[in-house]
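**Q** Let me see the structure of the following:
(3 chains)
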Amino acid sequence: MSKFLIPLFAFLLLVAVFVVGLTMDPSRIPSPLLENPAPVFSLPSLQDPAVEVGSANYANSMALVNIWATWCAGCRQEHGFLLELAREGDIPIFGLNWRDNRPDALQWLQTLGDPYIASAFDVDGRVGIDWGAYGAPETFLVDRNGVVIHKHIAPLNREIWERDFVPLIRAREGVE
Amino acid sequence: MTPRRQRMWAVGLAVAGIALAATFTLRAMKDNMMFFIPVSDVVAGEFPENRNFRVGGLVVDGSVHREPGSLEMEFRVTDLRCELPVRYTGVLPDLFREGQGVVAHGRIGAAGDFEADTILAKHDENYMAPEVAESLAEHVSEKTAGLAAGSAECETQ
Amino acid sequence: MIPELGHFALILALSLALCQGVLPLIGAHRNDAALMSVARTAAQGQFFFVALAFACLTWSFLQSDFSVAYVANHSQLALPTVYKVSAVWGAHEGSLLLWILIMSAWTVAVGRYSHRLPEDFTSRVIAVLGLLSVGFLLFTLFTSNPFLRLDIVPQDGADLNPLLQDPGLAIHPPILYVGYVGFSVAFAFAIAAMLSGNLDQEWAKWTRPWTTAAWCFLTVGIALGSWWAYYELGWGGWWFWDPVENASFMPWLMGTALIHSLAVTEKRGLFKSWTLLLAISAFSLSLLGTFLVRSGILVSVHAFATDPARGFFILAFLGIVIIGALILYAIRAPELDSAAGFKLLSRETFLLLNNILLVIAAAVVFYGTLMPLLYDVLKLGKISIGPPWFEFAMLLPMLPLVLLLGVGMHSAWRMQPHKALAKKLRMPALVAVVAGILIPGLLYGRFGVMVSIGTAAAVWIMVSALIEPVRSWRRAEGATAISRSMLGMSVAHFGVGFFALGITLVSAFTVETDQAMRKDGSVEVAGYSFELRELRNVEGANYQAIEGRVEIRRDGELIGEVLPQKRQYIVQKNWMTEAGIDAHWNRDLFIALGDQLGNDTWSVRVQYKPMIRFIWLGAFIMALGGLIAISDRRYRSPA
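**A** Reported below is the predicted structural model:
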């Protein structure tokens, strides 16, 4: 075999390592919550600390739980799409305001619009941690029985919605 | 010495030199390779003795203590199952905060605390170091399940 | 409308790139002049449309058109105009567009300055560059389109990452890319030579200036990045062996080896397969660098937002390009003939060693960068390799290289009589040894083995590099006696020595301390006294900051004042530390605010960094040498 083939084979080996490396990407770690019960929680609401909101607000229906914060650039990016989804009214969106400050968060919802059926104020992030959130934005699809059936890290948009969420929703809705 | 002999000597010496250098390099690699050890493993006693390594997790809320006016500080780091005390003297990176992810580099001191010589910065608000994220992910579901059954205990050594 | 125009322009550019990539290759194969002439025209057309697309994106930023998702994510109404422009290439999609723009600019340049080359060769070169452009354009249009619109237009954008709101970092990517992408020209020259089966001294002669030009830009680009990291990021560090930094260093090392190997191929018709492989490797490493930085496979403070789907695309592209090139290499390399021989003590030997040592250095960086990934893939644990290993491992090839550099410069081709060489080098050797002992001792009051070796090696190169220019000047014929090639080489090598001196002295004599500093209190470092006089709140265009006013005194005399800041950017809420630096040709004094410890007390990091400017100055001198070499008369002789 020609010694001139060595660079080629060495490179092919390298590509193999990279392919495996890519499939192990941490952002693709399946959430340990998948197919498990979603956290049950109750927190002061963003708008009024005296009012408690939480998993009870979306019990017995399929829902999206969206973790967001004003300091997160990606949240701003997906906000427009969340408003569209809310307008379409097919699925309730519950907001978990994560490690943020109240006045900023309220201002944000006022200026940009509020797609949420309710917003919980998770100032120290404990509830977010229970959801296994590593950052924001993260969106969870929870079914009628309170089981997490999908998690999406990164801003949501129409494409991802149609591709990842809609099929799952249809499948579950079909099984009554 | 014929030119051919000369060449062979030269090549021979070069190869020997390279082999020697390679050996040193590989040995240095072993010494300088810093493993990331999950907090639970460290607390259970499974960590490299007398060597530097990295730990990471979330900074436990309310655990950050600093001597007034001094650069010595301590805090506890958790992977949602066990907590490890960390001591550090120096300036902290900008994104160090309670409840956020952190990675520290150092070793276990005599008192069983982790003595950090460097606290590593995250790159931005949104994401935490993958190793930290993975180690947390392992325990999140235990914690959630723990709301129904008894929570998993931290096994100390 | 403008974003759609930009999008459309990119699609047109893609179709032109396809023509550019395919037709001239067919033309060269069939010796069809009409098809071959498509090359230059298509390249110019492609450049026009890519430039148009780039202009449209820039316009969108300047107009703060937040309906464009990319603009909304990386800009803000209050962002200063200069950063609105630099935001164009501040993130993944835009920086790709910049890459494509630069590649098509290089291609047009090749078309313009290649009239003395055979037409079939030039067609092939331009075609290869066209195919590469096709790959990048496809990647952009399918996975990273900067012109995507948002359905609901936000009132204000998410602001540019504060780290990027800085002049140094604004120009670092363009200059770096000119270098990175420029190696594609050498790559294309190599592919064209392999396709035609013709690799000779003429080929090497024409590849050299293109390669050297790209190398100059890459050198400056890396130096700028290092300088930026120093004053903006690193708490006084200037190189972190971070995967992204390594991704730019590896092509540089290969590129350096390539320029030297090309010299041998041109002058003596030797090292042909080395040169070929180096030309392929330099650009392959550029592509690899792009992959590492954008795919999320390695974690780094520098990496772009990660997306494994994009990672697969880039990997596929990279794979096709490099596998194709290496297959061609495996086929053609055995056919290459090299007639001449050379003795052990000859310029050829030194340049061969140069090739080997530089490749070893690149391999070291490669190994250290990818070891963590390999460990992860093999499930052996999560490791990180720290700077100490890199520094140690790099020393092994670099120290011999540095020593041989001083000798090799003066060695004749084919055979160098050793007595003459020894006589010539006696003086530099002596000066070097003396300097190695005296400089650390006298200037810094300390002696040490490593620092002396480093200093001696650096001075050795500097003096050795000056021998020929000084001799030629003394011969009273003025600087015209020495050819620009020779002068360029001497200047570049002198730059290497300068650079090495900076590194050695900074590594050995930096003093760094973390301390608590109270208002009107002082911190002493290396004979300098730092006193915090005032703390106040300041506001910038899009940030708020706490600023300290620190006076620096030596022997009681005020020698400088700096304003370190702790900034918070309003939109993204990141905290950033702006260091206060008192710069001087032979030392920097560096102070950064840490945390607030009390009402008027802050923790601070204070550093004394001797000769640190030499590092970047050395790099610039290297690039200058390269520039001088390219301007040599033999590349400018009339057609």
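**Q** And the residue in chain A positioned nearest to chain C, what's its pLDDT?
**A** In chain A, no residue comes nearer to chain C than A:Gly80, which is 3.2 Å away by CB to the nearest CB. The C-beta positions use only the backbone N, C-alpha and C, and glycine is treated the same way. Listed pLDDT for A:Gly80 reads 81.
**Q** Check which helices and strands whatever helix or strand it lives in is in contact with.
**A** Assigned by DSSP states H and E, A:Gly80 belongs to helix A:73-88. Under the contact criterion of 3 or more CB pairs under 8 Å, 6 or more residues apart in numbering or on different chains; DSSP states H and E, helix A:73-88 touches strand A:63-68, strand A:93-98, helix A:102-112, helix C:69-74.
**Q** For C:Met36, find the nearest of the ones you listed.
**A** helix C:69-74 (38.0 Å; CB to CB).
**Q** list the helices and strands that closest one packs on?
**A** Helix C:69-74 is packed against helix A:73-88, helix C:33-62, helix C:92-112, with contacts defined by 3+ CB pairs under 8 Å, 6+ apart.
**Q** I'd like these laid out as a markdown table, including mean neighbour count.
**A** A markdown table is the format used below for these (neighbours: other CB atoms under 10 Å in any protein chain shown):
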| stretch | mean neighbour count |
| --- | --- |
| helix A:73-88 | 20 |
| helix C:33-62 | 21 |
| helix C:92-112 | 23 |
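**Q** Report the contact partners of the residue of chain A closest to chain C.
**A** Neighbouring residues of A:Gly80 by CB atoms under 8 Å, 6 or more residues apart in numbering or on different chains: C:150-154.
**Q** Can you flag the buried ones in the residues you listed?
**A** Buried subset of the contacts of A:Gly80 (neighbour count, 16 or more other CB atoms under 10 Å in any protein chain shown): C:150, C:154.
**Q** Farthest-apart pair in the contacts of A:Gly80, please.
**A** Of all pairs drawn from the contacts of A:Gly80, the greatest distance, 10.9 Å, lies between C:Asp151 and C:Pro154 (CB to CB).
**Q** can you give me the strands in chain B?
**A** Ranges of strands in chain B, per DSSP state E, are B:33-35, B:53-59, B:65-66, B:72-78, B:83-89, B:101-108, B:114-120.
**Q** what's the fourth one packed up against?
**A** To tie it back to what came earlier, the one meant is strand B:72-78. strand B:53-59, strand B:65-66, strand B:83-89.
**Q** Give me whichever of those strands is most buried.
**A** Among these, strand B:53-59 has the highest mean neighbour count (mean count of other CB atoms under 10 Å in any protein chain shown), at a mean of 25.
**Q** can you list the residues that contact it?
**A** Residues contacting strand B:53-59 (CB under 8 Å, 6+ apart): A:129, B:34-39, B:42, B:47, B:75-80, B:84, B:86, B:96-107, B:114, B:120, B:129, B:131-132, B:135-136, C:384.
**Q** sorry, back to before: for the helices and strands packed on strand B:72-78, could you give me a markdown table that also reports distance to C:Leu597 and mean pLDDT?
**A** Shown next, in a markdown table, are the helices and strands packed on strand B:72-78 (distance: least, CB to CB, whole Å; pLDDT from 0 to 100):
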| stretch | distance to C:Leu597 | mean pLDDT |
| --- | --- | --- |
| strand B:53-59 | 18 | 87 |
| strand B:65-66 | 7 | 88 |
| strand B:83-89 | 12 | 92 |
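**Q** Please identify which of the ones you listed is closest to C:Gln515.
**A** Proximity to C:Gln515 (CB to CB) singles out strand B:83-89 among these, at 10.4 Å.
**Q** Done for today, thanks.
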